[in-house]
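Please find the sequence and the predicted model below.
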Amino acid sequence: MATRHLIRTVILQSLYEWDFYDRKKDLVGILERNLGEFAPGIDEPEFGWKIMKGLADHLPEIDGIIVKAAPEWPLQKIAIIDRNVLRIGLYELLYADPEEVPPKVAINEAIELAKSHGGPNSGKFVNGVLGTVYRERKGGPPKPAPKESAS
């Protein structure tokens, strides 16, 4: 598992625990423990801390975007995994440096997290919400990868 994907997975685990306990536990302590237990010696732990700090700083805005992009799903009714995958994906899509995390990568990573850790429709749900936000905020769908020619 690539380092950044592993970091995103640990962040997802940490957000899940924090959200499960109604945000009453210390998120920094949860992430610190989980990085030590599930990702000891990772190459760039600062990447994880940057995402977590950015999420914490922008959580009300991110949650508001989820509510607007998925109006038929009240935030608290979205599965905990899906809700937190969306938070990670939206943070990276909207607030991370696009040179460090291109929009297509942010969306794809979130979809992979949803497929790996969520329910059978989580990937489609996350793809739909992030795709909607991307189109509204950035002015169109992400460009599809070029198809390889059959030679």
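Ah, there it is.

As a check, name the ranges of all helices in the protein.
For the chain, the helices defined by DSSP state H cover 3-20, 27-38, 45-69, 80-94, 103-117, 122-138.

need those helices in TSV with mean neighbour count, can you?
Just so you know, the C-beta spots here come from the backbone N, C-alpha and C atoms, and that holds for glycine as well. Below are the helices of the chain laid out as TSV (neighbours: other Cβ atoms under 10 Å):
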stretch	mean neighbour count
helix 3-20	20
helix 27-38	16
helix 45-69	16
helix 80-94	25
helix 103-117	20
helix 122-138	18
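
got a pLDDT number for residue 139?
Model confidence at residue 139, expressed as pLDDT, equals 60.

same question, residue 145
Looking at residue 145, its pLDDT reads 43.

Per-residue pLDDT of the residue nearest the centre of the chain, please?
Taking Cα atoms, centre = their mean, the centroid of the chain lies closest to residue 88, which sits 2.3 Å from it. In the prediction, the pLDDT value recorded for residue 88 is 98.

My guess is it contacts residue 51. True?
Yes - in terms of Cβ atoms under 8 Å, residue 88 counts as a neighbour of residue 51; the distance is 6.7 Å.

anything in contact with each of these two?
8, 11 (Cβ atoms under 8 Å, 6 or more residues apart in numbering).

Show me where this protein dips below the pLDDT cut-off.
Where the chain drops to pLDDT under 70, the residues are 1, 139-151.

I'd say residue 9 and residue 110 touch.
No - look at residue 9 against residue 110 with Cβ under 8 Å: they stay out of range, at 11.6 Å.

shared neighbours, the two?
The contact sets of residue 9 and residue 110 do not overlap (Cβ under 8 Å, 6+ apart).

picking up where we left off before, what separation do you get for the residue nearest to the centre of the chain and residue 41?
22 Å (Cβ to Cβ, to the nearest Å).

Apart from its chain neighbours, what residue comes closest to residue 87?
Across the structure, with Cβ to Cβ, 6 or more residues apart in numbering as the measure, the residue nearest residue 87 apart from its sequence neighbours is residue 62 (5.4 Å).

Contact partners for that neighbour?
55, 86, 87, 90, 91, 94.

Was I right to think the last one contacts residue 64?
No - with the criterion set as Cβ under 8 Å, residue 94 and residue 64 do not qualify as a contacting pair; they are 11.5 Å apart.
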